[in-house]
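In: sharing a model prediction with you, sequence too.
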Amino acid sequence: MAEIEIRNVAKRFGDYQALHDINLTVADQEFMVLLGASGCGKTTLLRIIAGLETATEGEVWIGGKRVDHLAPKDRGIAMVFQNYAVFPHLTVFENIGFGLRMQKLPNDEVKQRVERTATLMHIEQLLKRYSGELSGGQRQRVAVARALAMEPDVILMDEPLSNLDALLRMEMRAELKGVLAESKTTAIYVTHDQVEAMSMADRISVMHQGKIVQAASPIEVYRNPSAVFVAGFIGNPPMNFLSATPAGDGKWQVAGNVIDGPHAKGPLQFAIRPEDMSPSESGLTATAKVVEPLGAHLLVTCEVDGKIFRAVLDSDLTVKTGDVLTLAPQADRVRWFNPETTLAVA
């Protein structure tokens, strides 16, 4: 069992509070992604789990054992860094087996583990080559193979795909997810790329200003964001927001329309994803400002009630700049937020 528990972890660098009272449980064999913008604290949290940083407050538990007082080598973890950290003067075989040699394992076991993980990462044909001769994608595979060869309880990854081109990143996302599922390893993966997070994670922990704002499955984070920040950060393009004022009996005035909503005190923020809008005879009046053909869809940037509003529409529609559209939201996809607390309203 390699369940990870982060209990009330905080981190300060002088007067700067990098992490605030972080509590998170990662289940055995779960793939958890820490997602957030640069500077939100996700790499700091990963380094605390690894033992490369010391928490100012709080505890780290792995497999039911408290580990925050242990050296990194004694925590049963392996880490893959953004720059891969492979040794260019060593062969691929020697790179993968480096940690095993440090543990003074027998040569036969080193050979067996290196060959097994190389096969898993589809680099068995590269074992005799020097890593300095490899492409970025091949070096990334070597770095992951080296971590997996250690047979760790936990593997930590800090933006390992960020240096790859877009096509290779897409290929490696699927490959990494499959490999980690096969290896039955608990994984924590740091990224600022929401596509990586949505496509790879069992659960996503969205971080903002040193706090975990929401931890849930990718579809839950996408469909039911817990706060305005999550709604605006997840999704490309992100959610649209409009002001809503009470119209009585659970109805709300939004850009000249009366829309059913929660029984709550106002005002609120009405939120809807661009793909959940469609042309209709009644709805929001929108003036098209920019029309972007995206193959099967059109991304139409409009003005609604004096605010920017985006809609993803079928590419069969004919829409041009200046057109006035009537757009209706899909009722079950509307979300409501309290503008003071920025939290979702049930």
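Out: Structure received. Numbers count the residues shown, from 1 in each chain.

In: which other helices and strands contact the longest helix belonging to the chain?
Out: Ranked by number of residues, the top helix in the chain under DSSP state H is helix 166-183. Applying 3 or more C-beta pairs under 8 Å, 6 or more residues apart in numbering; DSSP states H and E, one finds that helix 166-183 contacts strand 31-35, helix 107-120, helix 136-149, helix 194-200. For the C-beta atoms, the positions are set from N, CA and C on the backbone; glycine is no exception.

In: make CSV from these and add mean neighbour count and distance to residue 335 to it.
Out: Formatted as CSV, the helices and strands packed on helix 166-183 follow (neighbours: other C-beta atoms under 10 Å; distance: least, C-beta to C-beta, whole Å):
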stretch, mean neighbour count, distance to residue 335
strand 31-35, 25, 19
helix 107-120, 17, 41
helix 136-149, 24, 37
helix 194-200, 19, 17
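
In: would JSON lines of the ones you listed with mean pLDDT and distance to residue 64 be doable?
Out: Shown next, in JSON lines, are the helices and strands packed on helix 166-183 (pLDDT from 0 to 100; distance: least, C-beta to C-beta, whole Å):
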{"stretch": "strand 31-35", "mean pLDDT": "97", "distance to residue 64": "18"}
{"stretch": "helix 107-120", "mean pLDDT": "91", "distance to residue 64": "26"}
{"stretch": "helix 136-149", "mean pLDDT": "87", "distance to residue 64": "22"}
{"stretch": "helix 194-200", "mean pLDDT": "92", "distance to residue 64": "26"}
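
In: would you format those as CSV with distance to residue 226 included?
Out: Shown next, in CSV, are these (distance: least, C-beta to C-beta, whole Å):
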stretch, distance to residue 226
strand 31-35, 14
helix 107-120, 37
helix 136-149, 32
helix 194-200, 16
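
In: what strands line up against the one helix or strand residue 188 maps to, and which way round?
Out: Per DSSP states H and E: residue 188 is located in strand 186-191. Here strand 186-191 is paired, per DSSP bridges, with strand 31-35 (parallel), strand 154-158 (parallel).

In: now the last one against helix 166-183, angle please.
Out: Right, strand 154-158. 170 degrees (axes from the mean of the first three to the mean of the last three C-alpha atoms, to 10 degrees).

In: how far away is residue 244 from residue 301?
Out: 21 Å (C-beta to C-beta, to the nearest Å).

In: neighbour count: those two, which is higher?
Out: Shown here are residue 244 and residue 301; by other C-beta atoms under 10 Å, residue 244 has more neighbours (26 against 17).

In: now whichever strand or helix holds the more buried one: average pLDDT?
Out: Per DSSP H and E, residue 244 falls inside strand 240-248. Average pLDDT, strand 240-248: 95.
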